[in-house]
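1. fold the following for me, if possible:
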Amino acid sequence: MASNQNQASYNAGETKGRTEEKTGQMMGATKDKAGHATEATKQKTGETTEAAKQKAGETTEAAKQKAGEAKDKTAQTAQAAKDKTVESKDQTGSYLGEKTEAAKQKAAEATEAAKQKASETAQYTQESAVAAKDKTGGVLQQAGETVKNVVVGAKDAVANTLGMGGDGTTNTAGKNHTAGTTGNVTRDH
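-> You can find the predicted model right below:
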């Protein structure tokens, strides 16, 4: 009977040894697979982050280009209005008064159109910046604000250059500030 017990004990020990060996092999294979999965995830995350950075850079460049185009258009419109006003002043008599009034009207319309375009561009830029911020963690917020300020500055410069500073109200970061203005307008007839 002792021999049967020894044989059973020996068989149990061998089975236990084989089981431990198989378990070790399976654990090693599982660790390898997990390591490969982790590496693949890190690589994919790096690629995604790089793609997001590149897209943010492209969006920033597009916003800067749009702002530059709006600034150029505003400058061209202002120059055309200024040229029209100068041309009108060179004429004489009552015709001069009529032409000056027409030029002022056209300049006011051109300035309003430039303001509208600048406002639309600023809105587009701001929306683009907000969307990109949501995707990239805020990379474009500062660029959007800068572009908006440039456009508003260009608009104000055009209005001031034409002597049409508006109603004395400027909008800075959503707050209205009214400058003191006088209601007297002097015209030569």
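
2. only C-alpha atoms for contact and neighbour calcs from this point on.
-> Noted.

3. tell me the helix or strand right after the longest helix along the chain.
-> Taking DSSP state H as the criterion, the chain has its longest helix at helix 2-89. Once helix 2-89 ends, the next helix or strand along the chain (criterion: DSSP states H and E) is helix 93-136.

4. and that following helix with helix 2-89, angle?
-> Relative orientation of helix 93-136 with respect to helix 2-89: 180 degrees, computed using axes from the mean of the first three to the mean of the last three CA atoms, to 10 degrees.

5. and helix 93-136, how far out from the chain middle?
-> Relative to its parent chain, helix 93-136 has a centroid offset of 20 Å by CA atoms, centre = their mean, to the nearest Å.

6. next SSE downstream of that helix?
-> Using DSSP H and E, the helix or strand that follows helix 93-136 in sequence is helix 141-161.

7. just the C-alphas of that next one, formatted as CSV.
-> What follows is helix 141-161, C-alpha atoms only, in CSV (Å, rounded to 0.1, in the frame of the first residue of the first chain):
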residue,chain,number,x,y,z
GLN,A,141,-7.8,80.5,-28.1
GLN,A,142,-5.0,83.0,-27.9
ALA,A,143,-4.6,83.1,-31.7
GLY,A,144,-8.3,83.7,-32.2
GLU,A,145,-8.4,86.6,-29.8
THR,A,146,-5.3,88.1,-31.4
VAL,A,147,-6.9,87.9,-34.9
LYS,A,148,-10.1,89.4,-33.6
ASN,A,149,-8.2,92.3,-32.0
VAL,A,150,-6.3,92.9,-35.3
VAL,A,151,-9.5,93.0,-37.3
VAL,A,152,-11.2,95.3,-34.8
GLY,A,153,-8.1,97.5,-34.8
ALA,A,154,-8.1,97.6,-38.6
LYS,A,155,-11.8,98.5,-38.6
ASP,A,156,-11.2,101.3,-36.1
ALA,A,157,-8.2,102.6,-38.1
VAL,A,158,-10.3,102.7,-41.2
ALA,A,159,-13.1,104.6,-39.5
ASN,A,160,-10.7,107.0,-37.9
THR,A,161,-8.7,107.5,-41.1
